[in-house]
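Student: sequence and predicted structure are below.
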Amino acid sequence: MMGPQLADASEVAILSANYLAQQLTGAFPVLYTGRNDRVAHECIIDLRPLKAETGISEEDVAKRLMDYGFHAPTMSF
């Protein structure tokens with residue numbers, strides 16, 4: 001992938017991450033937003049409040065996403 005295809009892929013990644021961040025706002029805190037609450041190429045949500053309230057961990061969420069055929073996101077530790 002070079003030239004225009006790389007630019008197109010980058011644009012789609014940024015648009016997709018911001019769409020996801022917008023959809024999740026209110027349900028989960030979205031971390032590392034910039035001006036106008038925009039994110040870069042990734043959307044990072046904070047699951048610590050969910051874990052504190054319910055005991056559901058980030059690993060539980062990742063496994064459940066896989067149950068539904070979604071690739072589990074990268075998790076930080």
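Tutor: Received, thanks. Numbering: from 1, shown residues only.
Student: mind checking what secondary structure Ala9 has?
Tutor: helix (DSSP: H, G, I helix; E, B strand; the rest coil).
Student: which ones are touching it?
Tutor: Going by Cβ atoms under 8 Å, 6 or more residues apart in numbering, Ala9 touches Met1. Using the backbone N, CA and C atoms, a C-beta is placed for each residue, glycine as well.
Student: look up how far Gly3 lies from it.
Tutor: As for Ala9, its distance to Gly3 is 11 Å (criterion: Cβ to Cβ, to the nearest Å).
Student: what lies in contact with stretch 51-61?
Tutor: 47, 50, 75.
Student: which among the residues you listed end up buried?
Tutor: Neighbour counting by 16 or more other Cβ atoms under 10 Å classes 47, 50 among these as buried.
Student: show me where the protein has its helices.
Tutor: 4-24, 48-54, 58-67 (DSSP state H).
Student: fine by me, we can end here.
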